[in-house]
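Student: Show me how the following folds:
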Amino acid sequence: ALDHSTRALDFYRTLDQQVWEAEALNEVGWCAARLGDYDTGRTHCRAALPLHQHHNYPEGEAATLGNLGYIEHHTGHHRRAIRYYQQALTLFRNIDHTHQMAITLERLGHPHTALGHHTQAHAVWREALQLYHEQGRDNDAERVQRQLDTLDHRPRRGESGTSPRSRWTGPASR
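Tutor: Model prediction:
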């Protein structure tokens, strides 16, 4: 997919088709990120964003913002990831793209969880779950339900008078 996206990018640049170039840039960025090459992914997605904005293509802009959120989350920049995901979600809501709204909401829960924002993660995952059910996306709904179940069973700070260290069940405590 990365090879095909890169060839498409070269092709659209040759034809001076900026809207399609932006789509290809975003696709190269997504494929690179999925392969763990986050720097290449970030560079390509950042290059796509102003082209989408210049050509007033909110769906492409939202997809690119979502991909940047994915990249930032997977590189440990959770607050930036949340900002990107929220911007993407706003655009998807504005164009009523509920399919992508559900995906973005699900992904938004992960950096919230990483930062300990369990209430926010729960809220976005509940909304994603509802959309997945409405769309008949049963496998996606089951995955989000498992995430919610895991979140709901996490010990909260100060529960049962235990310290976070005493709840650790990793290899060092066995």
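Student: Count the residues that sit near residue 146.
Tutor: Counted with other Cβ atoms under 10 Å, the neighbours of residue 146 add up to 10. Placement of C-beta: from N, CA and C, glycine included.
Student: host element of residue 82?
Tutor: Using DSSP states H and E, residue 82 maps to helix 78-94.
Student: List of residues touching that helix?
Tutor: 58-59, 61-63, 65-66, 68-73, 98, 100-101, 104-105, 107-108, 110-112, 114-115 (Cβ atoms under 8 Å, 6 or more residues apart in numbering).
Student: Among these, which ones are in helices?
Tutor: Among the contacts of helix 78-94, the residues falling in helices (DSSP state H) are 58-59, 61-63, 65-66, 68-73, 98, 100-101, 104-105, 107-108, 110-112, 114.
Student: re earlier: tell me the buried residues in the helix holding residue 82?
Tutor: Buried positions in helix 78-94, judged by neighbour count with 16 or more other Cβ atoms under 10 Å: 78, 80-85, 87-89, 91-92.
Student: how about JSON lines for the residues you listed, with pLDDT added?
Tutor: What follows is the buried residues of helix 78-94, written out as JSON lines (pLDDT from 0 to 100):
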{"residue": "78", "pLDDT": "98"}
{"residue": "80", "pLDDT": "98"}
{"residue": "81", "pLDDT": "98"}
{"residue": "82", "pLDDT": "98"}
{"residue": "83", "pLDDT": "98"}
{"residue": "84", "pLDDT": "98"}
{"residue": "85", "pLDDT": "98"}
{"residue": "87", "pLDDT": "98"}
{"residue": "88", "pLDDT": "98"}
{"residue": "89", "pLDDT": "98"}
{"residue": "91", "pLDDT": "98"}
{"residue": "92", "pLDDT": "98"}
